[in-house]
Every structure is written in C-alpha cells, then in structure tokens.
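Chemist: Sequence plus predicted model, see below.
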There are 2 protein chains.
Amino acid sequence: MPQRHQHQVRRRLRDNVSRWTQPRDVILDILARTKKHLSAKEIYDTLYSTHPGIGLTTVYRTLELFHRLGVVQKVTSPDGQSRYQLRSEGSQEHHHHLICIRCGKIIDYQDFAEEELKLVGKTEQVLSQKHNFLILDHNIEFLGLCEKCRKETQKS
Amino acid sequence: MPQRHQHQVRRRLRDNVSRWTQPRDVILDILARTKKHLSAKEIYDTLYSTHPGIGLTTVYRTLELFHRLGVVQKVTSPDGQSRYQLRSEGSQEHHHHLICIRCGKIIDYQDFAEEELKLVGKTEQVLSQKHNFLILDHNIEFLGLCEKCRKETQKS
DNA sequence: TTACTAATGAAAATGATTTTCATTTTCTCT
DNA sequence: AGAGAAAATGAAAATCATTTTCATTAGTAA
Ligand SMILES: [Mn+2]
Ligand SMILES: [Mn+2]
Ligand SMILES: [Zn+2]
Ligand SMILES: [Zn+2]
C-alpha cells in the first residue's frame, strides 16, 4: 500500500548493491504489494505470468540478498520452507507470529509489544554475555492450527 | 543422568504404543543420555556403532512418534534440519533457545522464566481468541552466532 | 508356539534449496 | 551512442533432509 516506502527501500537497496536489475525490481514489487509471508515458489508463480523469463534460482538469490541487507524478514517454517516478508516501517515495525504447523500459514501479531520488548531486551543482554553469543535477531512464535486446518483436521 | 526419569518416560511410551521395540528403546536411551538437541542424522551416527541394523528411516519415524506423544521437543533450525531433545522434568522444564544460524547449535536458557510465562500466557489467550487459532506450543528464540562460529566468521 | 500385524529397513521418491557454468545484462568509461 | 568488464542470471544438475513404498521381520496376545 504505502508506495512511498517502496521507493525508500528501492533506493536503499540500489545503494548497497552493485547493479539494480529487472528481476530484483519485480521481486521487490511483489513483496511490496502484499502483507503476506511468501515462499520463493509463491513469488516465482506470481512472477511467471508477467515475466516467464525470470528463474526460480534468481528468486532465491534475490530473497537471500534482500534478507542479508535487512530489507526482508525470513521465517523458517516447520512445514519445511522459508517465507519472506518485506520489513515495513512504523506501526507494523515490531511484530511476531502465529504459525500453522499444517499448512505453513503465518499470521502477524503485535499485541503486548511494549511489554515484550522490555523482556526481550533484558534477556538479550543477559544471554549474549553469559554465553558469549552474538544475538542478531529474535523470534517469538506460537505454533498450532489455523482456523482452516483446524476444521480440516476434525474431518479426517 | 536421572535414570529414574528415563524409566518413567519408557513406561509412558509403552502405554501409548502398540509395541515396544528395540529401535525405540535404543533411541530413547540416546536421547536420555544427553542434554543436547540432536538431529536424526546425529542419532543415527551414534546408533550405528552398536546397532548397525537400525535404519535412518526408523530414527525419523521414532522421533516423530516421540514428538507426537509429547515426550520429545522438536526444534526446526534455520540451518535446515530438525533437532530433538527429550523433555525433562523439574528444573529444566520450561526453557527457550539460542540458535546459531551458522552451525545449528542450540543452547538452552531459562532466565526470566516467571516473567516470560506471564507474558506468554496472556498473549496466548488473546491471540487464540482473536484469530481462532489453536495454539499448541510456543517458542522464544534468539538467533545469532555461537562463540565458535563467531570466531570462524572473523577469519574469512 | 502360532498367527496376526505393527514396525522395520532398503531403496526410491520428493521437495526445497544450492551449485555450476555458459550466457546475458548492467553500468562505467570513452 | 558504443565497447568492455564484471555482476547477475537461468537452465540443468547436484545436494540434502525427510518421506514414501513395499517386501520382510519381529512383538505380543492367545
Ligand atoms: Mn511477519
Ligand atoms: Mn531445548
Ligand atoms: Zn493452516
Ligand atoms: Zn555456531
């Protein structure tokens, strides 16, 4: 939605990469148009209709690049694939996840953010010292069944 | 270490399974002898010296079984493999993880447990309602580089 | 012991991600 | 605008963890 943000991100990427290419632009665009967490395959499928020339390999490489530059958040789902979401500014900034162990769906939430931030900060400080561990990121996630899978599980 | 616990667990498993087999017994034993989080392959390698007859497939099936019965905790590591740890009683009961994104090492921690439990409980209640999501488990994890990988990363 | 099947193991299949390498594209410098 | 260097790409093959298939083995109740 916020097209301004997409421009900011694109500028930021251009500045940290030696060449800005069409695949990168297209993939960024797809990520910017959704709030969902997409898998490489899902992005590739979306791409394919308009840009059949772009390969799945490039999708993987680009997502990895975006992730390395901190523009994209990568979530390793227990369903065996990684999913990617553009980091957005402002309100949606800090959030965590509900992950469906059956279909891999990821739901964002940001309830109790202040409280959580306080606890995480404190914990992070203590742990990095105690274990001489360089903490780069943290996840809080609730695993279970989404509404759809909950129903489908009952039947079988 | 606490051999008593292993017996309790074995009894609990026997009661919920139609047959108790040698592979299951051996795998449980390996899990009970360590505090680490082991991958299927690591368990298989350990097994191989004394029981070359047991196959990797059975290791996977057994771990999945133990996990389904709640005896083993399964952690999906961003390094692409799952790791398994026997749930222990008492002190180690409730804990979370530091995960190395380079080598997959998992470190347990249980600092600020009370505080965390309070926050998680509250969050769980609110989220399961709001999203009609059946919450089965939660993870709090810090991702980064363990001491060893931290050093090895500097060199290269 | 026997008979019934759950459980197993070997091999093949799957599926996500990575690697390889020849070709294309971007971008800087005329 | 055009040329050249090197980064980026894409197709195909390789990896690698996990799952499936199916013929054989081994717990267990009678
Ligand atoms: Mn998210
Ligand atoms: Mn643990
Ligand atoms: Zn689901
Ligand atoms: Zn490490």
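Modeler: Thanks, I have it. Ligands and ions are numbered 1, 2, ... in the order given.

Chemist: Partner strands of the lengthiest strand in chain A, with direction?
Modeler: For chain A, the strand with the greatest residue count under DSSP state E is strand A:134-145. Using DSSP bridges, the strands paired with strand A:134-145 are strand A:96-100 (parallel), strand B:134-145 (antiparallel).

Chemist: ok, now how distant is residue A:95 from ligand 1?
Modeler: 6 Å (C-beta to the ion, to the nearest Å). For glycine as for every other residue, the C-beta is placed from the backbone atoms N, C-alpha and C.

Chemist: State the number of residues packed around residue A:53.
Modeler: The tally of other residues near residue A:53 (other C-beta atoms under 10 Å in any protein chain shown) stands at 10.

Chemist: At which residues are the strands of chain A located?
Modeler: A:38-39, A:72-76, A:82-86, A:96-100, A:106-109, A:134-145.

Chemist: Between these, which one is closest to ligand 3.
Modeler: strand A:96-100 (3.1 Å; C-beta to the ion).

Chemist: Go ahead and measure how far the closest one is from the middle of the chain.
Modeler: Relative to its chain's centre, strand A:96-100 lies at 12 Å (C-alpha atoms, centre = their mean, to the nearest Å).

Chemist: Next, the buried residues of the lowest-mean-pLDDT helix or strand in chain A.
Modeler: One helix or strand of chain A scores below all others by mean pLDDT, DSSP states H and E: helix A:147-155, with a mean of 80. Of all the residues in helix A:147-155, those buried under the rule 16 or more other C-beta atoms under 10 Å in any protein chain shown are residue A:149.

Chemist: what sits up against it?
Modeler: Helix A:147-155 is contacted from outside by A:100, A:102, A:103, A:105, A:145, B:131, B:132, B:133, B:134, using C-beta atoms under 8 Å, 6 or more residues apart in numbering or on different chains.

Chemist: isn't residue A:139 right next to residue B:139, touching?
Modeler: Yes. Assessed by C-beta atoms under 8 Å, residue A:139 is found in contact with residue B:139 at 6.8 Å.

Chemist: Quick check: neighbours shared by those two?
Modeler: Counting by C-beta under 8 Å, 6+ apart, nothing touches both residue A:139 and residue B:139.

Chemist: ok, how many other residues are close to the nearest residue to residue A:100 once chain neighbours are set aside?
Modeler: Of all residues not flanking residue A:100 in the chain, residue A:146 sits nearest, at 4.0 Å (C-beta to C-beta, 6 or more residues apart in numbering or on different chains). Residue A:146 has 22 neighbours, counted by other C-beta under 10 Å.

Chemist: ok, residue A:146 - contacts?
Modeler: Residue A:146 neighbours (C-beta under 8 Å, 6+ apart): A:98, A:100, A:102, A:103, A:105, A:107, B:131, B:133.

Chemist: if you set the cut-off to 10 Å instead, what comes out?
Modeler: A:98-107, A:152, B:131-134 (C-beta atoms under 10 Å, 6 or more residues apart in numbering or on different chains).

Chemist: neighbour-wise, which of those residues leads?
Modeler: residue A:99 (27 neighbours).

Chemist: partners of that one in the sheet?
Modeler: According to DSSP bridges, beta-bridge pairing links residue A:99 with residue A:106, residue A:143.
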